[in-house]
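> Next come a sequence and a model predicted from it.
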Amino acid sequence: MTNCLFCKIIAGEIPTNKIYEDDKVFAFGDINPQAPVHILIIPKKHISSLDDVTAEDKDLLGYIQIVASKLAKEKNLTDGYRVVNNCGVDGGQTVAHIHYHLLGGRTFGWPPG
């Protein structure tokens, strides 16, 4: 996607606070953090939202969970953390590229939002 903000970040066209990168995912600090630790984890494959995943994406989505756990350990989030995916406008999704928020370093309430 040539006009996707996150695709441009992955391509290095927009600078960011990169935290992790491999051949499948890219992770960086959120520019508007909602917790002491707020990392966005995005697949390098452009998928607009959770509504657009297919069965062929199952390994990639599972891999994102593994990366989230790895980053939580690296950030010493031993008391807990939250992984969030917003889907669609009413769900709070503001960038049309599937992404997951890894949040930690504070106590979260329920229900969210």
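Nice, I can see it.
> Could you pull out the strands in this protein for me?
With DSSP state E as the criterion, the chain has strands at 18-21, 25-29, 37-43, 81-84, 100-104.
> Which positions within the fourth one qualify as buried?
Spelled out, it's strand 81-84. 81-83 (16 or more other CB atoms under 10 Å). All C-beta spots, glycine's among them, are computed from the backbone N, C-alpha and C.
> now this structure, which segments are flagged as low pLDDT?
When residues are selected by pLDDT under 70, those of the chain lie in 1.
> For it, which helix extends over the most residues?
Using DSSP state H to define each element, the chain has its longest helix at helix 58-74.
> Now do that helix: which elements does it pack against?
With contacts defined as 3 or more CB pairs under 8 Å, 6 or more residues apart in numbering; DSSP states H and E, the packing partners of helix 58-74 are strand 18-21, strand 25-29, strand 37-43, strand 81-84, strand 100-104.
> Kindly reformat those strands as a markdown table and extend each row with distance to residue 12.
Output for the helices and strands packed on helix 58-74, formatted as a markdown table (distance: least, CB to CB, whole Å):
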| stretch | distance to residue 12 |
| --- | --- |
| strand 18-21 | 9 |
| strand 25-29 | 10 |
| strand 37-43 | 14 |
| strand 81-84 | 26 |
| strand 100-104 | 21 |
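> out of those strands, nearest to residue 111?
For residue 111, the closest of the helices and strands packed on helix 58-74 is strand 81-84, at 12.4 Å, according to CB to CB.
> Kindly export stretch 106-113 (C-alpha atoms) in PDB.
Coordinates of each C-alpha in stretch 106-113 appear next as PDB, following Å, rounded to 0.1, in the frame of the first residue of the first chain:
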ATOM      1  CA  ARG A 106       0.400   0.400  35.100                       C
ATOM      2  CA  THR A 107      -2.800  -1.200  36.400                       C
ATOM      3  CA  PHE A 108      -5.700  -1.400  33.800                       C
ATOM      4  CA  GLY A 109      -9.300  -1.300  34.600                       C
ATOM      5  CA  TRP A 110     -12.300  -3.200  33.200                       C
ATOM      6  CA  PRO A 111     -14.300  -2.600  31.200                       C
ATOM      7  CA  PRO A 112     -11.900  -0.700  28.900                       C
ATOM      8  CA  GLY A 113     -12.800   2.400  27.000                       C
END
